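*Asks:* Following is a predicted model, sequence given first.
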Amino acid sequence: MAHSMYALKPVFDLDAKVDVPSCMYSLPVIQSSTPIDGIGMTKATCPISVEALEARQDAILARLGQLKTQVAAYKQSLGLPDTPASTLSFPTITPTDTTLQRIAKLKTTMTILDAIFLQKPTASKSTPRETESSSSRTLLVNVAKTADIVIRCSPSFPAFSLKGIYSLLTGSGLTVHTSCHTHCTVSSLPPNVQSFLPVTEVPRSSAQVRMTLIWTEVGKDCELMVSPLTQSVIKGETNILRYFSRLFPTIFPYETLPNLNAVDSMLDNVSTLLWAAPRERQPIMRSLAVNLAKTAYLAGAGISVADLALYSAIRQLGLDKDLQPELMRWYLTMAKQLEGKSSRNRNRNSSMRKSMSSSSPKKADSNNKKSSEREKSPRKEPASAKKGKSPMKEVKIEKNPPKKSGKENSPPPANSGNLMGKEQLFEYFTKNGIKYNNLDHPEVFTVEAMMPYLKNVKGAICKNLFLKDKKKNLYLLAAVHDREVKLNDVAKKVGAKELRFGDESVMLDLLGVSQGCVTAYALANDRNKAVKFIVDSALLDGTHSFVNFHPMVNTATTQISSQDFNKFLGITGHTVLKF
């Protein structure tokens, strides 16, 4: 049976000669039936390989010696204790050492380097620090683990939360050393970041926290390097704040908060705010300010990482001029507490009114002076009168003076007199025979937040938007709360061009309501009819028996019939555009 099988050739020949590249180490042949000339490494046949290995090891030792000097200088800058000379003495490799001895000495050298970098600071002599409380000792332990915190940030997107971090750390009794550096790729710094962090007098070696800020182009997300040696990077300002909260949990509350999920959601919304389009920012801001009606800060009675993140985002995006009242009060409190700023924007709208009212008499006086000067100055006769020509052309010019350029883009005049509030609106309804029902509820900023309080309310619950177009015409839009409103489609329907959200300051001056309180009833305040009313046709054609709007404030909802709503629009006399 054995003679009937096919004979197979061997898969490989053990005695075959293989051409080994000269760039590789030559190894002895393990499997071979007969010796092969030129294969296998011996001292006599391959002296060049051993000499190359020795030269490479000598170069490594030279570099280790340089590293030893750099490590000693770095430890001295950090204020770490000196290491005994015995532990820092690297073994010396001699030409007579064998390869195994050289490898053993290299391992010993690496062990010494690990001991240098992983060494913990030894206890110093008794200092006033020993008398601190247990919580302060916990902070010091964390500081010892993070001797250096290096942050890279773009000059166009400065992390303003660092100012709050510095203020809270120093306010808690910790010594902080700060230093700022500019990378060579940044040609110049904007004025607002040239003196970003306070210059500290605390020496670097004795500071408990060392913060180094490097201005370089890294985009919107700043980066934190926990250690310059390990190059561990944390990206994003919100993630950096989370890192600080774990280092100093008593100073930056985060994981110990009872509403941790809500705080995490706030931090995610702040990250979204930095990348959102301008038209998407206001809804995000309103969702973040929901709790400010009940608490002083976003997450409760004290400052949290969510407050620091939102404050920085508002500063970066320049949104401090268009904040709703609750957010403005919170923002001014944060600015004063973190940076010691005065409330220069404490009431922008009221200051605008004051400036307008104070400037009006000055303008009147200047106009009177100009008119008196014109009366006193002698009037020149036209040249045509001297020549005996008909003065028809001059009379025509006097009757039709040329219009001033830019008049069509001038802002609408503000309403004179007091603007109606909630109680004045109810008096207005009673005076004009409009029956109403009012329901008070907690302060709300979105329709979704308002719906739970209106479960038993009949009729259409309405949402409102204050808009403007490319030609700066102003519009107030009202629709049923569940109808999808696409501004591009609405603009084509009513003949407007590029509808967008209007300025809150203009809305406050014309309609007397702020963000979150927008209502169709505010048309009663627009006596000059500067605003056109865009309305959902279902609110006027009897589809709904009643309509519900805020009565100038977002702490109540007022209901009137659809017939009375048509009557109300007839009384105000505004242009109504249905869609």
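*Replies:* Received the coordinates, thanks.
*Asks:* Any stretches of the protein with poor pLDDT?
*Replies:* For the chain, residues meeting the criterion pLDDT under 70 lie at 1-3, 10, 12-18, 20-21, 23-50, 75-90, 113-147, 226-231, 340-417.
*Asks:* Do a quick rundown of the helices in the stretch 151-300 of the chain.
*Replies:* 161-171, 237-247, 260-275, 278-288 (DSSP state H, counting those that start in this stretch).
*Asks:* Would you convert those helices into a markdown table that also reports mean neighbour count and distance to Lys435?
*Replies:* For every residue, glycine as well, the C-beta is placed using N, CA and C. Listed next are these as a markdown table, based on neighbours: other Cβ atoms under 10 Å; distance: least, Cβ to Cβ, whole Å:
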| stretch | mean neighbour count | distance to Lys435 |
| --- | --- | --- |
| helix 161-171 | 20 | 52 |
| helix 237-247 | 21 | 51 |
| helix 260-275 | 17 | 41 |
| helix 278-288 | 16 | 32 |
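*Asks:* quick one: which of those helices is nearest Ile93?
*Replies:* helix 237-247 (42.3 Å; Cβ to Cβ).
*Asks:* Give me the helices and strands touching that closest one, please.
*Replies:* helix 161-171, helix 260-275, helix 305-317 (3 or more Cβ pairs under 8 Å, 6 or more residues apart in numbering; DSSP states H and E).
*Asks:* Format these as a markdown table; extra columns: distance to Gly433.
*Replies:* Shown next, in a markdown table, are those (distance: least, Cβ to Cβ, whole Å):
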| stretch | distance to Gly433 |
| --- | --- |
| helix 161-171 | 55 |
| helix 260-275 | 46 |
| helix 305-317 | 46 |
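*Asks:* circling back to that earlier point, could the helices of the stretch 151-300 of the chain go into TSV alongside distance to Leu224?
*Replies:* Converted to TSV, the helices of the stretch 151-300 of the chain look like this (distance: least, Cβ to Cβ, whole Å):
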stretch	distance to Leu224
helix 161-171	10
helix 237-247	5
helix 260-275	15
helix 278-288	24
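*Asks:* Out of those helices, which gets nearest to Gln337?
*Replies:* With Cβ to Cβ as the measure, helix 161-171 is the member of these nearest Gln337 (7.4 Å).
*Asks:* Give me the residues contacting the closest one.
*Replies:* With contacts defined as Cβ atoms under 8 Å, 6 or more residues apart in numbering, helix 161-171 is touched by 151, 153, 176, 178, 196-198, 209, 211, 213, 237, 240-241, 244, 248, 251-252, 303, 307-309, 311-312, 334, 337-339.
*Asks:* Got a PyMOL select line for the buried ones in those residues?
*Replies:* Restricted to buried positions by 16 or more other Cβ atoms under 10 Å, the PyMOL selection for these reads:
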select buried, resi 151+153+176+178+196+197+209+211+213+237+240+241+244+248+251+252+303+307+308+309+311+312+334+337+338
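*Asks:* mind checking the SS state of Val150?
*Replies:* Classification of Val150 by DSSP: H, G, I helix; E, B strand; the rest coil places it in strand.
*Asks:* Mind checking the helices and strands packed on helix 237-247 for the one nearest to Lys529?
*Replies:* Closest among these, using Cβ to Cβ: helix 305-317, at 34.2 Å.
*Asks:* residue contacts, the residue nearest to Leu298 when sequence neighbours are not counted?
*Replies:* In this structure, Leu298 finds its nearest non-sequential neighbour in Ala306, 4.5 Å apart by Cβ to Cβ, 6 or more residues apart in numbering. Shown in contact with Ala306 (Cβ under 8 Å, 6+ apart): Val263, Met266, Leu267, Val270, Leu298, Ala299.
*Asks:* Would you point out the most distant pair within those?
*Replies:* For the contacts of Ala306, and using Cβ to Cβ, no pair is farther apart than Val270 and Ala299, which are 12.3 Å apart.
*Asks:* okay, stretch 203-212 in CSV with CA atoms only?
*Replies:* Extracted in CSV, the C-alpha atoms of stretch 203-212 (Å, rounded to 0.1, in the frame of the first residue of the first chain):
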residue,chain,number,x,y,z
PRO,A,203,7.6,82.1,43.3
ARG,A,204,7.1,79.1,41.0
SER,A,205,9.0,76.8,43.4
SER,A,206,6.8,77.5,46.4
ALA,A,207,3.4,77.8,44.6
GLN,A,208,0.8,75.1,45.3
VAL,A,209,-0.7,75.5,41.8
ARG,A,210,1.2,76.4,38.7
MET,A,211,-0.8,77.5,35.7
THR,A,212,1.0,78.2,32.4
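*Asks:* Pull out the buried positions in that stretch.
*Replies:* Neighbour counts over stretch 203-212 (16+ other Cβ under 10 Å) mark Arg204, Ala207, Gln208, Val209, Arg210, Met211, Thr212 as buried.
*Asks:* So Ser265 versus Asn259, what's the distance?
*Replies:* Ser265 sits 9 Å away from Asn259, going by Cβ to Cβ, to the nearest Å.
*Asks:* ok so, going back, nearest to Arg286, of the helices and strands packed on helix 237-247?
*Replies:* Ranking the helices and strands packed on helix 237-247 by proximity to Arg286 (Cβ to Cβ) places helix 260-275 first, at 10.5 Å.
*Asks:* residues making contact with the closest one?
*Replies:* Applying Cβ under 8 Å, 6+ apart, the contact partners of helix 260-275 are 157, 220, 236, 238, 241-242, 254, 257, 281, 284-285, 287-288, 298-299, 304-306, 309-310, 313, 316-317.
*Asks:* returning to what we had before: which of the buried residues of stretch 203-212 sits closest to Val547?
*Replies:* Nearest member of those to Val547, counting by Cβ to Cβ, is Met211, at 56.3 Å.
*Asks:* Can you name the residues that contact that closest one?
*Replies:* By Cβ under 8 Å, 6+ apart, the contact set of Met211 is Ile149, Ile151, Leu162, Ile165, Tyr166, Val176, His177, Thr178, Ser179, Leu197.
*Asks:* Which two of those have the greatest separation?
*Replies:* Ile165 and Ser179 (14.8 Å).
*Asks:* A helix includes Glu443, no?
*Replies:* No - counting by three-state DSSP, Glu443 falls outside a helix, being coil.
*Asks:* Contact partners for it?
*Replies:* By Cβ under 8 Å, 6+ apart, Glu443 lies in contact with Ala293, Asn554, Thr555.
*Asks:* All the strands of this protein, residue numbers only.
*Replies:* 149-153, 176-182, 209-215, 223-225, 233-235, 437-440, 460-468, 474-480, 500-501, 531-535, 546-549, 556-561, 576-578 (DSSP state E).
*Asks:* and Met285, what does it touch?
*Replies:* Contacts for Met285 (Cβ under 8 Å, 6+ apart) come out as Leu273, Leu319, Leu323, Gln324, Leu327.
*Asks:* Could you rerun that using 10 Å?
*Replies:* Neighbour list for Met285: 269-270, 273, 276, 310, 313-314, 319, 322-324, 327, 445, 515 [criterion: Cβ atoms under 10 Å, 6 or more residues apart in numbering].
*Asks:* Ok, Thr519 next?
*Replies:* So Thr519 contacts 425, 462, 464, 476, 478, 511, 513, 548-554, 557-558 (Cβ under 10 Å, 6+ apart).
*Asks:* Let's see that with 6 Å instead.
*Replies:* Neighbouring residues of Thr519 by Cβ atoms under 6 Å, 6 or more residues apart in numbering: Asn464, Phe549, His550.
*Asks:* and the closest residue to Phe568 other than its chain neighbours, how far is that from Gln424?
*Replies:* The shortest distance from Phe568 to any non-neighbouring residue, by Cβ to Cβ, 6+ apart, is to Ile434 (6.2 Å). According to Cβ to Cβ, Ile434 stands 14 Å off from Gln424.
*Asks:* Report how many residues lie close to Lys458.
*Replies:* By the criterion of other Cβ atoms under 10 Å, Lys458 has 12 neighbours.
*Asks:* contacting residues for it?
*Replies:* Going by Cβ under 6 Å, 6+ apart, Lys458 touches Phe546.
*Asks:* Repeat the analysis, applying 10 Å as the threshold.
*Replies:* Per Cβ under 10 Å, 6+ apart, neighbours of Lys458: Asn437, His544, Ser545, Phe546, Asn548, Gln559.
*Asks:* from those, which is closest to Lys529?
*Replies:* Lys529 has its nearest neighbour among the contacts of Lys458 in Asn548, at 24.3 Å by Cβ to Cβ.
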